[in-house]
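Asks: quick one, what's the 3D model for this:
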Amino acid sequence: MKATELRAKGPAELKQELDSLLKAQFSLRMQHATQQLTNNSEIKKVRRDIARVRTLMGETARKA
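Replies: All right, here's what the predicted structure looks like:
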């Protein structure tokens with residue numbers, strides 16, 4: 001997900017996106033632990049998306 005796509009979303013949508021990404025991260029960690037994960041790079045992508053969302057949430061909080 002790109003930062004430009006995230007900037008178009010409102011605070012409630014960002015919170016919802018963060019929740020879904022955290023659930024996806026948990027799911028990927030469990031798959032990795034049970035050796036069911038085939039593409040390990042997905043964990044890295046999800047972590048970076050979480051960081052993007054949290055960064056944008058922080059920016060909007062500082063502006064307000």
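Asks: from here on, contacts and neighbour counts on C-alpha atoms
Replies: Noted.
Asks: please report phi then psi for the residue nearest the centre of the chain.
Replies: The chain has Ile50 as the residue nearest its centroid, 2.8 Å off, counting by CA atoms, centre = their mean. Here is the backbone geometry of Ile50 (degrees, to the nearest 10): phi -60, psi -40.
Asks: what sits against it?
Replies: Contact analysis of Ile50 by CA atoms under 8 Å, 6 or more residues apart in numbering lists Leu18, Leu21, Leu22.
Asks: I figured the first one hits Val53, correct?
Replies: Yes - shown here, Leu18 and Val53 form a contact pair, counting by CA atoms under 8 Å, at 6.4 Å.
Asks: name the element Gln25 belongs to?
Replies: Using DSSP states H and E, Gln25 sits in helix 11-33.
Asks: that helix: which residues count as buried?
Replies: Residues of helix 11-33 classed as buried: Leu14, Glu17, Leu18, Leu21, Leu22, Ala24, Gln25, Leu28, Arg29 (neighbour count, 16 or more other CA atoms under 10 Å).
Asks: now for it, which elements pack on it?
Replies: helix 41-63 (3 or more CA pairs under 8 Å, 6 or more residues apart in numbering; DSSP states H and E).
Asks: now the helix it packs on against helix 11-33, angle please.
Replies: Between helix 41-63 and helix 11-33, the angle comes out at 150 degrees (axes from the mean of the first three to the mean of the last three CA atoms, to 10 degrees).
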